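Engineer: compute the structure for the input listed below.
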Amino acid sequence: MNARPHAVCAIVGYDGSPEASAVIDVGAALFPQARVWMTHMWSPPFASETLRRRLWAGTGHVDDFVDAIEREGEREAARIAGVGVTLAKAAGWDAEPLVRRIYGGEGLEFAQLAEKYDPDLVLLGSRGLGGTSAALGSVSDVAAHYTPRPVLVAPHPMLIAEQEALPAGPVLVGWDGSLGAEAAYGTAVRLFPAREVLLVHVEQAGGEPHPGVAEDGGREVVTVRAGHRHGRSAHAVAEALAGTARKRGAALLVVGTQGRSMVREMLIGSVTMGTLHLAHRPVMVVPRRDPTST
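Structural biologist: The predicted model follows:
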């Protein structure tokens with residue numbers, strides 16, 4: 001890629017769907033002039049049923065048919081990635097294609113690509129990644145579980161107010177004083193140096209009351225109360241974070257994980273997962289061991 005000092009570098013999932021195109025809009029608003037790999041993953045048999053019938057009719061041997069399917073699949077995958085690059089460049093990004101043939105496991109593949117290319121973040125949509133339409137709970141969730149770099153998940157669709165907050169809105173960081181929260185805060189400050197970064201602590205229902213605004217290491221922390229509807233559950237904390245992001249007109253939410261090893265536990269924090277599902281705004285999940293978070 002062409003060198004651009006201080007530009008954010010990202011791996012961006014793209015499969016040609018409207019949801020994937022919306023990811024470009026969200027990402028460009030958050031990270032203008034970023035350097036990106038527009039990444040498309042495809043799984044054989046890629047071609048449509050109609051195309052497969054045409055190829056079979058024109059070949060006399062199964063090996064020839066398989067080779068033809070591979071050629072058509074590679075060409076179509078390259079075309080889709082090229083479309084992504086065109087849209088990314090139109091949005092102001094320095095973009096190049098990255099095509100991978102896989103046999104399932106898109107989320108893990110994104111984690112491996114993050115290991116190899118060492119981007120600042122991986123940017124995914126909550127739907128539409130991979131050869132099938134993958135809902136949140138599949139590609140995005142798995143990538144958030146295992147990727148060693150921050151993963152930003154862009155929801156679709158977004159309301160006008162949520163879209164308007166993207167270019168300049170504050171960045172909210174879920175705060176509990178843990179190492180995971182520290183990593184999330186460090187990453188937010190590094191990636192958004194010109195924005196307000198607001199630490200938000202959610203006080204569980206039934207706990208001792210705390211001031212609405214406090215300090216932690218000289219940093220201002222806003223404390224909000226979790227709703228009573230879900231008691232002391234992680235769902236209540238995630239709901240409170242999402243509600244605060246809405247009230248504050250936040251561009252995105254940043255949450256940390258509590259992973260204790262290079263391969264994180266199978267289930268990352270339930271608050272983190274709840275925030276991904278409830279926020280209706282971009283959510284960045286930061287691994288506790290993000291090497292550039294400080």
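Engineer: I'd like the distance between P170 and L198.
Structural biologist: 5 Å (C-beta to C-beta, to the nearest Å). No exception for glycine: its C-beta is placed from N, CA and C like everyone else's.
Engineer: who's in contact with V142?
Structural biologist: By C-beta atoms under 8 Å, 6 or more residues apart in numbering, the contact set of V142 is 105-108, 111.
Engineer: what of T147?
Structural biologist: T147 neighbours (C-beta under 8 Å, 6+ apart): 110-111, 114, 122, 287.
Engineer: quickly find the element holding the closest residue to it other than its chain neighbours.
Structural biologist: Spatial nearest neighbour of T147, excluding adjacent residues (C-beta to C-beta, 6 or more residues apart in numbering): A111 at 4.3 Å. Take DSSP states H and E as the rule and A111 turns out to sit in helix 106-117.
Engineer: which residues in the protein form helices?
Structural biologist: Taking DSSP state H, the helices of the chain run over residues 18-30, 49-57, 62-90, 106-117, 139-146, 160-164, 179-191, 234-248, 270-278.
Engineer: for Q204, which of those helices is the nearest?
Structural biologist: Counting by C-beta to C-beta, Q204 lies closest to helix 234-248 out of these; the figure is 7.2 Å.
Engineer: okay, now D118: neighbour count?
Structural biologist: Neighbourhood size, D118 [other C-beta atoms under 10 Å]: 13.
Engineer: need the contact list for the residue nearest to it when sequence neighbours are not counted.
Structural biologist: Of all residues not flanking D118 in the chain, R149 sits nearest, at 7.3 Å (C-beta to C-beta, 6+ apart). Contacts of R149 were listed using C-beta under 8 Å, 6+ apart, and they are 114, 118-122, 287, 290.
Engineer: kindly recompute the last result at 6 Å.
Structural biologist: R149 makes contact with 114, 121-122, according to C-beta atoms under 6 Å, 6 or more residues apart in numbering.
Engineer: and the contacts of stretch 19-38?
Structural biologist: Outside stretch 19-38, the residues that reach it (C-beta under 6 Å, 6+ apart) are 1, 7-12, 14, 81, 84-85, 87-88, 91-95, 97-98, 123, 125, 127-128, 154, 156, 166-167, 282.
Engineer: what about L98, distance to P193?
Structural biologist: 27 Å.
Engineer: okay, the two: which has more neighbours?
Structural biologist: Neighbours per residue (other C-beta under 10 Å) separate L98 from P193, with L98 holding more: 20 against 9.
Engineer: okay, the more buried one: pLDDT?
Structural biologist: If you check L98, the pLDDT there is 96.
Engineer: so what's it up against?
Structural biologist: Contacts of L98 by C-beta under 6 Å, 6+ apart are 37, 39.
Engineer: low pLDDT regions in the stretch 51-200 of the chain?
Structural biologist: Scanning the stretch 51-200 of the chain for pLDDT under 70 picks out 51-69, 127-138.
Engineer: mind running it again at 50?
Structural biologist: 128-137 (pLDDT under 50).
Engineer: G274 is in contact with A234, correct?
Structural biologist: Yes. A234 is within contact range of G274, at 5.3 Å (criterion: C-beta atoms under 6 Å).
Engineer: how far off centre is stretch 237-254?
Structural biologist: Stretch 237-254 sits 16 Å away from the centroid of its parent chain (C-alpha atoms, centre = their mean, to the nearest Å).
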